[in-house]
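*Asks:* need a structure here:
(2 chains, ligands or ions: 1)
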Amino acid sequence: MPDLEPTPGQTVGPFFGFALPYPGDSRLVPPGSAGAIRLHGTVYDGAGGPIPDALVEIRQADASGVVPRVEGSIARDGVFTGWGRAATDPGGRYVFTTIEPGPERDGEAAFFAVTVFARGLLDRLSTRAYLPSPALDADPFLAGLPEDRRATLVAVRDDGGLRFDIHLQGDEETVFLSYPPRS
Amino acid sequence: MTSSTDVSAVPADEPLDQAQITREIEEIAATARPGEAQPLLDYPPYRSSLLRHPTKALCPADPEAAELVAPVFGHSDVAPVEADLTIQGTGDPIGERMVVTGQVLDGEGRPVRGQLVEIWQANAAGRYMHKRDQHPAPLDPHFAGTGRCLTDDEGRYRFVTVKPGPYPWRNHHNAWRPAHIHFSLFGTDFTERLVTQMYFPGDPLFPLDPIYQSITDPRARDRLLATYDHGLSEHEWQLGYRWDIVLTGNTSTPMERADA
Ligand SMILES: [Fe+2]
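*Replies:* Below you'll find the predicted structure:
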């Protein structure tokens, strides 16, 4: 089969709020359960203003580094599926209740895969929220980034969780990723 | 931020009109790189994009760990009735009843099986069931405008709905969006995540719409058009549209226009 041309993306627009969010979307584990943390942050525009109509999605491994392949992200009946969705509030903030992903192999860096959508953003953006850890220094992908931009991919530990702000533009612009065509 | 289109050229006290936006659209089209498969994120005619696009190039990354595995959805997540947007109220919605169906494929043409497809849309009058849509067109108590389904073993999705109307927005004076249905899709890798919009053939608003025109390659733009398929229409019941979707993930799209 010859390679097919991709369907282009388009902005999520201003009106996704009645369609994409659903009860439990950002709750990958029940709040207060063993190992539960808050992964949270603010999505900013290029003038440093919060974006109140953005949508953030995460995909992650469990604590042992295994990425779940089980259904139930909408049903949310107690199964950890490793995927979640959070719309930003009027202050541009998003919050997930989840667990920290483990690395695939001991000593490696672990991250949340993050996708960002927003009104005004014509296609989705992909990035990574790495857990702060000594393993980051040895990570080949991070080592290949300009030093002053590396920190935009590392979540910051705070009270009860991890903070990961996303800057779509500006001096603190988050590093966004492209992936090679799949073979 | 570099940009070939000087948006400050319009005096602040004059309403920004369609002629100015169309001029900007045409200027960018004239210098765009042929074959650009994705929308330009830096696209000034869509005013809301000005502060909401990255100015630095995307960093190439080899997908790892969670990026290699799309989330899994199943029948515990999605009920079959969610694919019919015409039965969510207590009566029939107003509008042209239609079925829209197609196949979700990866770049090699393999079907994306059992995967979640979500849609949302305006009603036949062009009004969303959303508190932020306040334009004076009627809401339809029998039409919410959201649907979900899972693709089948051939990667096929199928929704029954009514055709959405075009609607005004505030990008510029007298701005109208061509009729469209918003689609949210997952592939087999998480990197293939896609949110897009499906349009209807022959819409006179296409050349005027900065969101549609942000995809500068006409062939790529055409890939967002459903085709009318009479074989899907049903006698005295509904019209049929077909739209196939190809998910390849975000592959090294340059961030800047050729002239930027
Ligand atoms: Fe829309």
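
*Asks:* the longest strand belonging to chain B: how far from the chain's middle?
*Replies:* Longest strand in chain B, counting residues (DSSP state E): strand B:97-106. Between the centre of strand B:97-106 and the centre of its chain there are 14 Å (C-alpha atoms, centre = their mean, to the nearest Å).

*Asks:* show me what that strand is packed against.
*Replies:* Counting contacts by 3 or more C-beta pairs under 8 Å, 6 or more residues apart in numbering or on different chains; DSSP states H and E, strand B:97-106 is packed against strand B:156-162, strand B:239-242, strand B:245-247. From N, CA and C alone the C-beta is placed, and that goes for glycine too.

*Asks:* nearest to residue A:170, of those strands?
*Replies:* Among the helices and strands packed on strand B:97-106, strand B:245-247 comes nearest to residue A:170, with 30.3 Å by C-beta to C-beta.

*Asks:* what about the residue most central in space within chain A, which SS state?
*Replies:* Per C-alpha atoms, centre = their mean, the C-alpha nearest to the average position across chain A is that of residue A:114, at 2.5 Å. The three-state label given to residue A:114 by DSSP: H, G, I helix; E, B strand; the rest coil is strand.

*Asks:* list the contacts of it.
*Replies:* By C-beta atoms under 8 Å, 6 or more residues apart in numbering or on different chains, the contact set of residue A:114 is A:56, A:57, A:58, A:126, A:127, A:128, A:129, A:164, A:166.

*Asks:* now, which of these sits nearest residue B:240?
*Replies:* residue A:57 (31.8 Å).

*Asks:* was I right to think that closest one contacts residue B:186?
*Replies:* No - judged on C-beta atoms under 8 Å, residue A:57 makes no contact with residue B:186 at a distance of 9.7 Å.

*Asks:* what about the helices in the chain?
*Replies:* All of this refers to chain A. Assigned by DSSP state H, the helices in chain A fall at A:140-143, A:147-150.

*Asks:* my question was about chain B, not that one.
*Replies:* For chain B, applying DSSP H gives helices covering B:18-31, B:210-213, B:218-222.

*Asks:* let me know which of those helices is tucked in deepest.
*Replies:* Among those, the stretch with the highest mean neighbour count (mean count of other C-beta atoms under 10 Å in any protein chain shown) is helix B:210-213, at a mean of 24.

*Asks:* show me what contacts residue B:71?
*Replies:* Counting by C-beta under 8 Å, 6+ apart, residue B:71 touches A:59, A:73, A:81, A:82, A:83, B:116, B:186, B:190.

*Asks:* my guess is residue A:15 contacts residue B:133. True?
*Replies:* Yes - between residue A:15 and residue B:133 there is a contact under C-beta under 8 Å: 6.1 Å.

*Asks:* overlap in contacts, those two.
*Replies:* residue B:122.

*Asks:* so which of the two has more stuff around it?
*Replies:* Neighbour tally, residue A:15 and residue B:133, criterion other C-beta atoms under 10 Å in any protein chain shown: the higher count belongs to residue A:15, 22 against 17.

*Asks:* could you check which of residue A:57 and residue B:186 is surrounded by more residues?
*Replies:* Taking other C-beta under 10 Å, residue A:57 and residue B:186 do not tie; residue A:57 has more neighbours (27 against 24).

*Asks:* quick check: pLDDT value at that one.
*Replies:* pLDDT for residue A:57: 98.

*Asks:* tell me how far it lies from chain B.
*Replies:* Separation of residue A:57 from chain B (C-beta to the nearest C-beta, to the nearest Å): 7 Å.

*Asks:* how many other residues sit next to residue B:236?
*Replies:* Using other C-beta under 10 Å, residue B:236 is surrounded by 4 other residues.

*Asks:* rounded mean pLDDT for stretch B:125-134, please.
*Replies:* On average, the pLDDT along stretch B:125-134 is 89.

*Asks:* and it, end to end?
*Replies:* Length of stretch B:125-134, first residue to last, C-alpha to C-alpha, to the nearest Å: 13 Å.

*Asks:* and for stretch B:37-52?
*Replies:* Span of stretch B:37-52 from end to end, C-alpha to C-alpha: 20 Å.

*Asks:* in it, which residues are buried?
*Replies:* Neighbour-count burial for stretch B:37-52, counted by 16 or more other C-beta atoms under 10 Å in any protein chain shown, picks out B:37-52.

*Asks:* sweet, I'm off.
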